[in-house]
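[1] All I have is the shape, not the residue letters:
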């Protein structure tokens, strides 16, 4: 805020589109009617909710990464490094997902993050290769955050279009908050019951598989739209 200009006028610019002619009502309606109609109890929205729940629940495992390393016999320092490694994966993957989405689309970008996330969880569960491999696995796992923060937003906008995005995403945001609170508690409860983090990690792998199935359905659903077929 201190170093960067806060308004376009401060650098002699105007907002994008300020010099364009206002669109007619008909053209506005056509340009904003590209997404599916938002119906909260429709199969499409329900599947999107399940996708969001699955992804957010997976991200909550990060709250147990430090304890997980100690459960594997490593020191508290290694546990802190594992958490830091997953947060580095978090930051890097957001830039990567955005770049991939710009070039290949939201669906393919999310698939990339799903693949890296499940690889990270599988490697953490197997715990092969010592400390270095564990930290690398934590980095791969951290890529799931890019879906939770950026991928869900891109997917919602792609499915429902700009005109309905704010209504759809406001509901999705409530669901993410609920899932965040639920996931941390559920993972801790699973550890208390089983005495190991294997169960919540295995559950995370299953949740990614569920998310992948939901994503496949959503991809199929949007490609059945007439406007989507014409554009392809």
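    It's in. Predicted, not measured: the structure shown is a model, and the values here were computed from it. Residues are numbered from 1 along each chain as shown.
[2] ok, longest helix in the protein?
    Of all the elements of type helix in the chain, the one with the most residues (DSSP state H) is helix 152-194.
[3] Against which helices or strands is it packed?
    helix 25-32, helix 43-59, helix 106-126, helix 198-222 (3 or more CB pairs under 8 Å, 6 or more residues apart in numbering; DSSP states H and E). Placement of C-beta: from N, CA and C, glycine included.
[4] In CSV, list the ones you listed along with mean pLDDT.
    Conversion of the helices and strands packed on helix 152-194 to CSV gives the following (pLDDT from 0 to 100):
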stretch, mean pLDDT
helix 25-32, 42
helix 43-59, 90
helix 106-126, 91
helix 198-222, 90
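[5] Quick one: residues contacting the spatially most central residue of the chain.
    Taking CA atoms, centre = their mean, the centroid of the chain lies closest to residue 147, which sits 1.5 Å from it. The neighbours of residue 147, taking CB atoms under 8 Å, 6 or more residues apart in numbering as the test, are 55, 97, 110, 113-114, 117, 211.
[6] which SS class is it?
    Local secondary structure at residue 147 is given as helix here, using DSSP: H, G, I helix; E, B strand; the rest coil.
[7] do residue 13 as well
    Classification of residue 13 by three-state DSSP places it in coil.
[8] how many other residues sit next to it?
    Counted with other CB atoms under 10 Å, residues neighbouring residue 13 total 11.
[9] Ok, residue 116 next?
    Other residues within reach of residue 116 by the criterion other CB under 10 Å amount to 20.
[10] in stretch 104-116, what's buried?
    Neighbour-count burial for stretch 104-116, counted by 16 or more other CB atoms under 10 Å, picks out 106-107, 109-114, 116.
[11] next one: stretch 176-184
    Neighbour-count burial for stretch 176-184, with 16+ other CB under 10 Å as criterion, is recorded at 176, 179-180, 183-184.
[12] a markdown table for these, including pLDDT?
    Shown next, in a markdown table, are those (pLDDT from 0 to 100):
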| residue | pLDDT |
| --- | --- |
| 176 | 85 |
| 179 | 84 |
| 180 | 83 |
| 183 | 82 |
| 184 | 80 |
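[13] ok, of those residues, which one's closest to residue 11?
    Proximity to residue 11 was ranked across the buried residues of stretch 176-184 by CB to CB; first place goes to residue 176, at 34.9 Å.
[14] What's the separation between the residue nearest to residue 203 when sequence neighbours are not counted and residue 208?
    Here the nearest residue to residue 203 in space, its sequence neighbours aside, is residue 190; by CB to CB, 6 or more residues apart in numbering that works out to 7.0 Å. Separation of residue 190 from residue 208 (CB to CB, to the nearest Å): 16 Å.
[15] Between the two, which is the more surrounded one?
    Applying other CB under 10 Å to residue 190 and residue 208 shows that residue 208 carries more neighbours, namely 25 against 19.
[16] Next up, the contacts around the closest residue to the more buried one other than its chain neighbours.
    In space, not counting the residues next to it along the chain, residue 208 is nearest to residue 118; the distance is 4.6 Å by CB to CB, 6+ apart. Residue 118 makes contact with 205, 208-209 under the criterion CB under 8 Å, 6+ apart.
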